[in-house]
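Asker: can you look at this prediction? I've put the sequence above it.
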Amino acid sequence: MKFVLNGASTEVAGNPMERLIDVLREDCGLTGTKEGCGEGECGACTVLVNGEPVCSCIIPVAQVENAEVVTIEGLGGDDPLQHLFMNEVGAQCGICTPGMIMAAQVLGADATLDDVKTALAGNLCRCTGYSAIYRAVLKWRGVDSVDAPGKSEVVA
Amino acid sequence: MRTAISGLDLRRASSLEDALEILASGERTPIAGATDLYVALNFGTLVPRRFVDIWALDELRGISMRGDVLVIGALATYTSLMRSPLVADRVPMLALASGQVGGVQIQNRGTLGGNIANASPAGDSLPVLAAVDAAIVLRSARVERRVGINEFYTGYRTSVMTPDELIVAVEIAPVEGKQWFRKVGTRAAQAISKIVVAGVRGAAPRIAFGSVAPTVVRVPETERALTAGASIDDAMAILVKEIKPIDDIRSTAEYRLRVSANLLRKFWIETD
């Protein structure tokens, strides 16, 4: 079965019902994508399929045939948003970070705090309290941290 | 997870006709966005072993008008329902409900047909469909038929569908009156509802609740009272006798009764 993985044509064998996350991590060796809850609740396993964020732990690999799949590795390791997650302390344990960064990819340059909250509503973080994550993403979208949220404003 | 999938058998349908032939040739569970099915797989509670993948059937994705009836393909995702100008114009509360299903990742994959087929009493779109008396279009290799959503479910997670049938579309006739939707859960995104309610304030109000019974339910006695001019307080008293919620992991029967009545009042005030 063929699909495009991080820009390169890829072929994998195996049962078509294998989960996309297992194929990515075990067959393709891309372990940046993390598994959290295994039920589509936490978003840690988020990748882009044809440009849209999806949970790779609840997708049969058969359904990405001929699609374009982008994982955290597809950002190249030197992406501005990755640096902002480091600099703004948007990552602590790091399990949610790749999913957060991939879910944020759909945000346009004019994204507001509400847009960021909506885009990341399907991504859970148990360490940061979200403020630093929102700050990193807003800064990436050109919003200075002065306007970024304090903790009291980010209760979902 | 490798061992969990080793016994699973997937056939991939190339067209609707192909999918219906596959369903006619032996029992298989259709897979669309997999957002419910693969949760069961991951938790080891997936019972079916044979599947047919219908995700690629673009002919089931359309949202269009046929005369004055809104026709929504079964594979329309929540994201496409939220973006559809036709849905926004005809059934805005369906777009509202779609935006409260999971996070973006789930909205990109979950389908309207899947929400119906999964048959959870907590399905977020189901009270909307029940309140507007949507028709579910079922097709098999032999025949196509329409079943009203309020006649579709026969009990907890059971329906009138036969194993060779596929949900192909949902049809919604023009809706007269203000629409109202509210989901109550523990969190704005990613929560399964404690209570979900949809209402249409027409000459005869139509009101449906989820998570208060084994299936989505209309509340005909409450509707009749409101149609006849009963006060909202009297209607609330009728409602709490009409629904039979239970205690479960998400909430209690007592909470659900109280909040359902409060939501009825809120619906009545906000659509006045």
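Answerer: Good, I have the coordinates. Numbering: from 1, shown residues only, chains lettered A, B, ... in the order given.
Asker: residue B:36: how many residues sit nearby?
Answerer: By other Cβ atoms under 10 Å in any protein chain shown, 22 other residues sit near residue B:36. The way it works is simple: take the backbone N, C-alpha and C, and place the C-beta from them, glycine included.
Asker: check residue B:18 too.
Answerer: Neighbours of residue B:18 under the rule other Cβ under 10 Å: 15.
Asker: by contact count, what packs against the host helix or strand of it?
Answerer: Under the criterion of DSSP states H and E, residue B:18 resides in helix B:16-24. Other elements packing on helix B:16-24 under the criterion 3 or more Cβ pairs under 8 Å, 6 or more residues apart in numbering or on different chains; DSSP states H and E are strand B:50-53, strand B:166-172.
Asker: can you give me the buried ones in it?
Answerer: Buried residues in helix B:16-24, counted by 16 or more other Cβ atoms under 10 Å in any protein chain shown: B:16, B:19-20, B:22-23.
Asker: equivalent analysis for stretch B:200-216, please.
Answerer: Buried, per 16+ other Cβ under 10 Å, within stretch B:200-216: B:200-201, B:205-213, B:215-216.
Asker: pLDDT weak spots in chain B?
Answerer: Within chain B, the stretches with pLDDT under 70 are B:1-3, B:188-190.
Asker: and the closest residue to residue B:117 other than its chain neighbours, how close does it get to residue B:129?
Answerer: Excluding the flanking residues, the one nearest residue B:117 by Cβ to Cβ, 6 or more residues apart in numbering or on different chains is residue B:167, at 5.7 Å. Per Cβ to Cβ, to the nearest Å, residue B:167 is found 11 Å from residue B:129.
Asker: joint contacts of those two?
Answerer: Here residue B:167 and residue B:129 share the contacting residues residue B:116, scored by Cβ atoms under 8 Å, 6 or more residues apart in numbering or on different chains.
Asker: which residue packs closest to the residue of chain A found nearest chain B, ignoring adjacent ones?
Answerer: Going by Cβ to the nearest Cβ, chain B is nearest to residue A:122 of chain A, at 1.6 Å. Distances taken as Cβ to Cβ, 6+ apart place residue B:103 nearest to residue A:122, at 1.6 Å, with adjacent residues excluded.
Asker: surely the one you found touches residue A:124?
Answerer: No: under the criterion of Cβ atoms under 8 Å, residue B:103 is not in contact with residue A:124, lying 9.2 Å apart.
Asker: more neighbours, those two?
Answerer: More neighbours surround residue B:103 than the other of residue B:103 and residue A:124, with 25 against 22 (other Cβ under 10 Å).
Asker: quick one: the helices in the stretch 51-200 of chain B?
Answerer: For the stretch 51-200 of chain B, applying DSSP state H, counting those that start in this stretch gives helices covering B:78-83, B:85-90, B:92-98, B:104-107, B:112-118, B:126-131, B:149-152.
Asker: hmm, the fourth one in reach of chain A?
Answerer: Right, helix B:104-107. Yes: judged by Cβ under 8 Å from any Cβ of the partner chain, helix B:104-107 comes into contact with chain A at B:104-106.
Asker: for PyMOL, what selects the buried ones among these?
Answerer: Selecting only the buried entries of the residues of helix B:104-107 next to chain A in PyMOL, with 16+ other Cβ under 10 Å as the criterion:
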select buried, chain B and resi 104+105+106
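Asker: just the residues of helix B:104-107 next to chain A now: which is nearest residue B:38?
Answerer: residue B:106 (11.3 Å; Cβ to Cβ).
Asker: just want the most central residue of chain B.
Answerer: Nearest residue to the geometric centre of chain B (Cα atoms, centre = their mean): residue B:126, 2.8 Å.
Asker: which parts of the stretch 151-272 of chain B are strands?
Answerer: With strands called from DSSP state E, counting those that start in this stretch, the stretch 151-272 of chain B shows them at B:153-155, B:158-159, B:166-172, B:178-184, B:195-201, B:206-210, B:217-218.
Asker: and those strands: which comes nearest residue A:102?
Answerer: For the strands of the stretch 151-272 of chain B, the distance to residue A:102 is smallest for strand B:178-184, at 26.5 Å, taking Cβ to Cβ.
Asker: the closest one: which residues count as buried?
Answerer: Of all the residues in strand B:178-184, those buried under the rule 16+ other Cβ under 10 Å are B:178-184.
Asker: and what of stretch B:26-34?
Answerer: Buried residues in stretch B:26-34, counted by 16+ other Cβ under 10 Å: B:28, B:30-34.
Asker: got those as TSV, with distance to chain A and secondary structure columns?
Answerer: Formatted as TSV, the buried residues of stretch B:26-34 follow (distance: Cβ to the nearest Cβ, whole Å; DSSP: H, G, I helix; E, B strand; the rest coil):
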residue	distance to chain A	secondary structure
B:28	12	coil
B:30	12	strand
B:31	7	strand
B:32	9	coil
B:33	8	coil
B:34	6	coil
